[in-house]
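Undergrad: quick one: sequence and predicted model below, then my questions.
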Amino acid sequence: MPMHFLHAQNATLIGRVLSSDNSEPLADANIYVRNLSIGSATDLNGQFSINDLSLGNLELEISILGYRDTTLFILIDNSLVSLGKILLDPEVLHFEEIKVEVHSDLDPTSSLSSFSMSGKKIQENMKGSIAQTLQNEMGVAIQSMGQGTTRPILRGYSGDRFLITENGFEVGDLSQTSVDHALSLDLGGVEEIEIIRGPRALLFGSNTISGVIDVEKNSMPEIAFDHFHTYITSGYDSGNKGLFNNFSLVAPMNKNNFRFSLQNRSAGDQMTPIGVLKNTSMNNTEWFFGLTRFNDGRRVTASIEHVEMDYGIPGSPEGHISGVDIKMNKTTQKFNYHQDIDFNGFETFDLDQKFIHYAHSEFESDQKKASVKLGQDIFVFQSKMTGLKREIGTAIQYRMFNAGGFYWTPNTTESNFSVFGFREKEALGFKGQLSFRGEYSIIEPQNEGTKFSNIDEKSVNKKNFGFLSISAALIKSWENWQFSTTIMRAGRTPGIEDLFSDGPHLGSYSYEIGNPNLDLEKTLGIENSIQYQKDKFFFLLNGFFNQSPNFHQYMKMGDGYVPGADWIEWGSGSSGWLYKYQMRGIETEISGGEVQMGYKGRTIDITTDFSFVKGKDNSNNDHLAYMPPDKIGLLISSKSNKDLSSSIRLSKVLDQKEISEFETITPGYLLIDIFGSYSFETNKGTHRLVLQINNLLDKTYYNHLSKIKSIMPESGRSISLQYRILL
């Protein structure tokens with residue numbers, strides 16, 4: 001549609017975006033004026049305003065996660081134009097994943113088992129970590145050694161067998177290598193969390209057999225904002241006497257947008273129904289600064305972020321009886337160049353560069369000298385082109401790992417080269433998807449001066465690994481049904497520690513011995529999903545089966561007390577002995593399923609789900625270690641008032657009796673949580689109060705995947721209150 005603009009008249013456009021399903025306001029909707037390259041976002045009440053417009057015709061695009069994109073053609077013929085209420089129709093079912101951006105129409109169809117959490121939902125469920133925020137979702141469990149080290153488990157997979165990414169790139173810490181290493185990603189400033197499965201997951205990396213968790217945090221605007229946005233969040237948690245504060249500012253200046261954020265989270269020791277879990281306090285601080293410059297179909301973004309964490313690992317009769325203190329810091333510098341293009345069906349080009357400096361020190365409690373020091377520097381360079389249901393790119397990553405103190409893994413460099421692609425096409429009523437990722441890694445240890453106690457030094461040498469991961473999917477939709485089937489062949493390069501570790505790991509109460517002869521970990525997986533929705537009722541069923549002939553697993557050496565063979569003395573007396581664990585390759589099968597159904601009414605929503613995972617160690621005719629127990633969930637939400645919402649959640653976790661040789665049975669439990677929010681507006685901004693009451697009945701229960709279950713139970717009743725304001 002041609003646009004004819006007169007000279008500027010400083011006109012203002014206002015409106016309010018609501019859901020057509022229940023008339024609830026839609027916060028954080030993206031409002032974009034095409035051809036002018038300016039935009040805004042809705043506040044907590046769904047309201048927006050765009051200032052300094054010219055008279056004439058405008059093309060206004062409105063988009064938000066979970067709703068159909070809407071385009072309005074508007075005549076600006078007055079100094080103030082009000083659009084009133086704008087109703088958006090829901091796009092898809094509960095599990096459809098949509099990326100909100102200027103080029104949202106380029107995104108492929110999502111796997112039915114993919115999941116997105118944003119806006120009001122993420123605010124009402126948000127806790128201090130990804131794992132705690134997602135732990136009630138299907139197929140997600142939580143692993144920890146206290147509140148500072150929580151990490152999600154996806155469909156029974158832990159460590160680096162799935163990816164946790166921030167704005168599409170790996171986080172760059174060592175949390176995937178051991179349960180005592182904290183994830184350097186606080187939930188403050190997070191706008192959206194996605195679990196991505198299916199062929200598109202290979203765009204992020206090869207080790208994605210159970211999915212990718214992508215967190216959108218401190219993201220720079222993809223369109224030029226025309227006025228200031230200030231976000232302030234403060235919170236308190238009675239379960240650990242924790243305080244949280246976050247301040248974020250987005251400011252326009254000519255063709256530039258700035259973003260600055262600062263946050264701190266401090267918490268005392270974790271409290272349980274039977275007492276305090278000592279040495280679990282933590283303190284996290286981070287700051288971020290970014291700048292984006294917009295200019296005629298392209299933008300350039302540069303940012304820097306710094307994170308510092310200080311947390312404790314509780315003592316245990318199995319290891320360090322007084323606990324371990326860990327200090328971590330990470331600095332991340334990023335650069336992005338984005339260009340709109342028109343080349344053989346591709347519409348955008350992105351060039352990304354990222355540098356991460358990470359340092360990690362472990363102290364025996366009350367000691368000033370670190371017993372273990374770990375660090376790494378990572379350089380990433382990636383380019384990609386994206387078009388309608390298609391993407392192709394290449395990436396280079398160089399990693400320099402170093403270790404010191406009583407941790408005798410040699411300093412090692414790792415170079416990784418990858419090329420990846422994705423394509424979706426529709427034919428004969430089916431949507432077909434195909435993706436690939438080819439990777440080649442070079443791992444080169446610098447073992448001069450390194451003394452090995454349990455590894456043959458001659459086997460510690462340069463390693464090369466190459467692999468092609470591929471995935472394909474078919475999706476069929478008809479009437480109220482949708483069906484998909486996905487197959488994936490994925491590969492995982494052994495980690496540096498998996499290959500060359502030979503020393504005590506203070507926080508995990510173990511002496512870990514690598515295996516330089518490890519080969520690639522290959523996995524073949526298949527997933528089938530079916531979904532139904534009619535009127536206000538919906539139903540989803542997922543089933544998956546994964547098989548690996550060479551699953552890398554640390555396994556205990558022996559079960560006796562023979563010094564030098566089964567354990568070594570470390571610490572004080574018999575209470576300081578550490579068991580030895582050797583990395584081995586075993587044949588495994590991991591399978592499971594997820595069922596969800598529910599009713600979405602005008603004033604109440606009811607959702608129930610059930611998920612389970614089974615792991616088999618076929619090499620030893622045993623159950624695979626540390627599989628999450630089956631769980632059932634029931635969520636009832638009231639929404640009779642557009643400003644006030646409340647929910648009650650019942651979580652039933654069943655007994656875990658399917659254990660490996662060195663595990664113990666964990667009894668089941670039932671938890672009740674209550675949460676909700678209240679939104680209101682003043683002349684100084686929009687406000688939201690969020691209340692959470694977790695473990696309402698103060699139930700004493702134990703998490704099967706927790707390394708502290710032999711010491712203390714999980715957290716007792718806690719009351720959390722958050723206050724959010726958007727100015």
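TA: That came in fine, so what should we check first?
Undergrad: out of the helices and strands in the chain, which is least certain?
TA: Counting by mean pLDDT, DSSP states H and E, the weakest-scoring helix or strand in the chain turns out to be strand 567-569, with a mean of 49.
Undergrad: could you dump the helix or strand just after that strand to CSV, C-alpha only?
TA: For strand 567-569, the following helix or strand on the C-terminal side (DSSP states H and E) is strand 577-600. Extracted in CSV, the C-alpha atoms of strand 577-600 (Å, rounded to 0.1, in the frame of the first residue of the first chain):
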residue,chain,number,x,y,z
TRP,A,577,37.5,-40.6,51.9
LEU,A,578,36.5,-40.1,48.3
TYR,A,579,35.3,-42.9,46.0
LYS,A,580,36.9,-43.3,42.6
TYR,A,581,34.7,-43.0,39.5
GLN,A,582,36.0,-44.1,36.1
MET,A,583,34.5,-42.8,32.8
ARG,A,584,33.2,-45.7,30.6
GLY,A,585,31.1,-46.2,27.5
ILE,A,586,28.0,-48.3,28.0
GLU,A,587,25.0,-49.3,25.8
THR,A,588,21.8,-47.6,26.9
GLU,A,589,18.2,-47.0,26.1
ILE,A,590,16.2,-44.0,27.4
SER,A,591,12.4,-43.9,26.7
GLY,A,592,9.4,-42.2,28.1
GLY,A,593,6.2,-40.4,27.5
GLU,A,594,4.2,-37.3,28.3
VAL,A,595,0.4,-36.8,28.5
GLN,A,596,-1.4,-33.5,29.0
MET,A,597,-5.1,-32.6,28.8
GLY,A,598,-7.1,-29.7,29.9
TYR,A,599,-10.0,-27.3,29.7
LYS,A,600,-9.8,-23.6,29.0
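Undergrad: where does the residue lying closest to Ser238 once chain neighbours are set aside land in three-state SS?
TA: With Cβ to Cβ, 6 or more residues apart in numbering as the criterion, Ser238 has its nearest non-adjacent residue at 4.5 Å, and that residue is Ile719. For the C-beta atoms, the positions are set from N, CA and C on the backbone; glycine is no exception. Classification of Ile719 using DSSP: H, G, I helix; E, B strand; the rest coil returns strand.
Undergrad: how far is whatever helix or strand Asp605 lives in from where the chain is centred?
TA: For Asp605, the element it lies in under DSSP H and E is strand 604-617. Relative to its chain's centre, strand 604-617 lies at 19 Å (Cα atoms, centre = their mean, to the nearest Å).
Undergrad: what's in contact with the following helix or strand past it?
TA: The element immediately downstream of strand 604-617 (helix or strand, assigned by DSSP H and E) is strand 622-623. Under the contact criterion Cβ atoms under 8 Å, 6 or more residues apart in numbering, strand 622-623 has outside partners 615-617, 658-661.
Undergrad: repeat that for 10 Å
TA: 586, 614-617, 656-661, 663 (Cβ atoms under 10 Å, 6 or more residues apart in numbering).
Undergrad: nearest to Leu183 among those?
TA: When the contacts of strand 622-623 are compared for distance to Leu183 (Cβ to Cβ), Gly615 wins out at 22.9 Å.
Undergrad: now that closest one: closest residue in space, sequence neighbours ignored.
TA: Closest residue to Gly615 in three dimensions, ignoring its sequence neighbours and counting by Cβ to Cβ, 6+ apart: Leu624, at 3.0 Å.
Undergrad: thought that neighbour was touching Phe551?
TA: Yes. Counting by Cβ atoms under 10 Å, Phe551 is a contact partner of Leu624 at 8.0 Å.
Undergrad: what do these two both touch?
TA: Contacts common to Leu624 and Phe551, judged by Cβ under 10 Å, 6+ apart, are 586, 588-590, 615, 617-618.
Undergrad: what's the farthest-apart pair in those residues?
TA: Top of the distance list for these (Cβ to Cβ): Ile586 and Ile590, 12.1 Å.
Undergrad: so which of the two has more stuff around it?
TA: Neighbours per residue (other Cβ atoms under 10 Å) separate Ile586 from Ile590, with Ile590 holding more: 24 against 17.
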